[in-house]
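*Asks:* The following block contains a protein sequence and its predicted model.
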Amino acid sequence: MTRADDDSWDITESVGATALGVAMARAAETDSGCPLFIDRYAQLFVDAAVARGWDSSDVGRHLPLVQNYAAARTKWFDEYFIAAGANGIDQAVILAAGLDARAWRLPWVSGTTVYEVDQPQVLAFKAETLDARNARPTVGYRAVPIDLRGDWPTALRVAGFDPSTPTAWSAEGLMPYLPAVAQDLLFERLVELSAPGSRIAVETLSPNAFDADYLERGREFLGDGGQDIPSLLFAEERADLRQWLTDRDWSVSSIEGLDLMRRYDRMPDEHLMDLAPRSVFIEARLAAMPPLRYCES
């Protein structure tokens, strides 16, 4: 499926199908001998998609590489949200929420509200699947069904989002599927909506992610009939988010994707090492406003 600036997709096609692949990887990690996390909802999504006619065999063939990376990524974002809550942030926005059921499975602080923003068809599939099993979120949950290339800030506010309170934002598995100009606009809006004390967690691309030889090796690994992931990406030069956020007074830390996999003991097998995703995980924090000091007159 050829990408366009205004395209859309159902859960079993284009970018939507990548969310199913990651759900399959999370289900496999959950059932492994020593899982980094437990996500009992992931298999429900896979089963529901297969019932719709989705062929999971291709993801199954390449699961060892996908599972290790997805496990490390999921664990990193899980820890980010838990730490944000422990530090008093009770409003979270998950951009391109896909099929990770964090609002259902994480130990959120009481009173937290979680907003999920994604394509309408993706969120509808998610809701239908969970409702069919009577699964209920463990936190205040609000779906915001809108394309992130549209006016999602207005939709978010209508859903109840409060820009005056600190927010924990996340963008997981999103950046490479956005054109460069859309990435810029997304973060300009995000920063405008962020009160002092807010945090951002984002997975983005390394500068060498669009190396031609690397992309071709990926296509060969997937083989005939597999989803051509590189064709779904916008291979455009884009802003370095680490510097972009630093320039706007956010405190930034980052870790390379392979280093994150090493941290969680999920390194790829030796023959898959040169196929590992070339990504960077960034956490940025906006300083809270200092307390007011009153002088006696």
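*Replies:* Received the coordinates, thanks. None of the values given here were measured: they were computed from a predicted structure.

*Asks:* now the helices: where do they sit in the stretch 101-250 of the chain?
*Replies:* Ranges of helices within the stretch 101-250 of the chain are 102-105, 120-132, 152-158, 180-192, 212-222, 229-232, 241-246, based on DSSP state H, counting those that start in this stretch.

*Asks:* Just the C-alpha atoms of the second one, please, in CSV.
*Replies:* Written as CSV, here are the backbone C-alpha positions of helix 120-132 (Å, rounded to 0.1, in the frame of the first residue of the first chain):
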residue,chain,number,x,y,z
PRO,A,120,-10.8,5.9,14.2
GLN,A,121,-10.8,2.4,12.8
VAL,A,122,-7.9,1.3,15.0
LEU,A,123,-9.6,2.6,18.2
ALA,A,124,-12.9,1.1,17.1
PHE,A,125,-11.3,-2.3,16.7
LYS,A,126,-9.6,-2.0,20.0
ALA,A,127,-12.9,-1.1,21.8
GLU,A,128,-14.9,-3.8,20.1
THR,A,129,-12.3,-6.5,21.0
LEU,A,130,-12.1,-5.4,24.7
ASP,A,131,-15.8,-4.9,25.1
ALA,A,132,-16.5,-8.4,23.8
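
*Asks:* can you tell me which residues contact residue 198?
*Replies:* 89, 166, 167, 168, 169, 285, 286 (C-beta atoms under 8 Å, 6 or more residues apart in numbering). No exception for glycine: its C-beta is placed from N, CA and C like everyone else's.

*Asks:* If you rank these by neighbours, which is first?
*Replies:* Among those, residue 167 has the most neighbours (other C-beta atoms under 10 Å), with 26 neighbours.

*Asks:* Contact partners for it?
*Replies:* 89, 91, 92, 93, 161, 193, 194, 195, 198, 199.

*Asks:* how many other residues sit next to the fifth one?
*Replies:* Think residue 161. Residue 161: 20 neighbours (other C-beta under 10 Å).

*Asks:* That one: what's it in contact with?
*Replies:* Taking C-beta under 8 Å, 6+ apart as the test, what residue 161 contacts is 91, 93, 115, 167, 193.

*Asks:* switch the cut-off to 10 Å
*Replies:* Neighbour list for residue 161: 91, 93, 113, 115, 117, 142, 144, 153, 154, 155, 167, 193 [criterion: C-beta atoms under 10 Å, 6 or more residues apart in numbering].

*Asks:* and if you look at the fourth one?
*Replies:* Contacts here follow C-beta under 10 Å, 6+ apart; on that basis residue 93 touches 113-117, 142, 144, 152, 156, 159, 161, 167-171, 190, 193-194, 198, 200.
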